[in-house]
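Asker: Structure for the following, please:
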Amino acid sequence: FTQPSKLEVVTDYLLFFLRPGDCLVDFSCGSNEFLLMLERKLTQENLPFNSQQFQFKGYDILPAQFHRNFEMLNWFDVKQNMLARGEQLVIGLNPPFGVNNKLAIKFILHALKFRPRIIVLIVPQTTPLPTPTEHSGKYKLEYCNYRVVHRNINELSGHSFFFPGSFQSETGENVEDYNISPPAFIILEHVKATNRQWQSVM
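Answerer: Sure, this is the predicted structure:
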């Protein structure tokens, strides 16, 4: 689970890349706080659009703390006819990492099948990305049509994550842990979304 203060950082950056009509998808939503925060910001911020012009979809295999726009469904069971077209899709955010980033790559691979306009990620710094130069052979070349428009490894340093259900054995209190090597916060944009004007890739 990503700390709310870190989610604030992510949402503030992401707002710039959103367009009315977008479908915002969290493929491993945990508590589902990210989508809730995005919806709130789209309502409160001084923007030329509002939250009612967007769709929100959160998926996870466990019940979420916040049920709004949440469906208990494995990301890999989500089909193309369940989401908007690629030019209206923004998909992320924080997949399980797995050994050698294998799970993170698997989550990204499934996201690429939808050809989203924007992919936003919190992943280990060593995770291959679907760009022409950083794919490391992990993605089909036909999917490597993205460019990095934002990358930072310092914004999520410190206490970025917490682990629900973890307790100190003696005190019974929640464990406060933090990532020693901070993950990268990355926003990827499809190359055909130049100047925020989408050209269909379908």
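
Asker: and residue 126, what does it touch?
Answerer: residue 101 (CB atoms under 8 Å, 6 or more residues apart in numbering). Just so you know, the C-beta spots here come from the backbone N, C-alpha and C atoms, and that holds for glycine as well.

Asker: how close does it get to residue 136?
Answerer: Using CB to CB, to the nearest Å, residue 126 is found at 9 Å from residue 136.

Asker: Could I get the full set of strands for this protein?
Answerer: 23-26, 55-60, 70-72, 89-92, 118-123, 146-152, 184-190 (DSSP state E).

Asker: What lies in contact with the lowest-mean-pLDDT helix or strand in the chain?
Answerer: Scoring the helices and strands of the chain by mean pLDDT, DSSP states H and E places helix 4-14 at the bottom, with a mean of 89. For helix 4-14, the external contacting residues (CB under 8 Å, 6+ apart) are 2, 33-34, 37-38, 41, 90, 93, 118, 120, 122, 150, 155-156, 160, 185, 187.

Asker: give me that answer again for 10 Å
Answerer: With contacts defined as CB atoms under 10 Å, 6 or more residues apart in numbering, helix 4-14 is touched by 1-3, 18, 24, 31, 33-42, 45, 90, 92-94, 118, 120-122, 149-150, 152, 155-161, 182-183, 185, 187.

Asker: ok, now stretch 75-84?
Answerer: 21-29, 55, 57, 59-61, 71, 73, 86, 89-91, 95, 106-107, 109-111, 113-117.

Asker: What's the end-to-end length of it?
Answerer: 15 Å (CA to CA, to the nearest Å).

Asker: Which residues belonging to it are considered buried?
Answerer: Within stretch 75-84, the residues that count as buried by 16 or more other CB atoms under 10 Å are 75, 78, 83, 84.

Asker: ok, residue 34 to residue 64 distance?
Answerer: Residue 34 is 11 Å from residue 64, by CB to CB.

Asker: Which one's more surrounded, these two?
Answerer: Between residue 34 and residue 64, counted using other CB atoms under 10 Å, the more crowded position is residue 34 (29 against 21).

Asker: Tell me who's in contact with the more buried one.
Answerer: Listed by CB under 10 Å, 6+ apart, the contact set of residue 34 reads 1-2, 4, 6-7, 10-11, 14, 24, 26, 28, 56, 58, 66, 92-94, 120, 122.

Asker: Run through the protein and note the low-pLDDT ranges.
Answerer: 1, 45, 158-180, 194-202 (pLDDT under 70).

Asker: Compute the number of surrounding residues for residue 154.
Answerer: Residue 154 - counted by other CB under 10 Å - has 9 other residues nearby.

Asker: hmm, back to that, which residues are common contacts for residue 126 and residue 136?
Answerer: Contact criterion CB under 10 Å, 6+ apart; residues bridging residue 126 and residue 136 by contacting each: residue 101.
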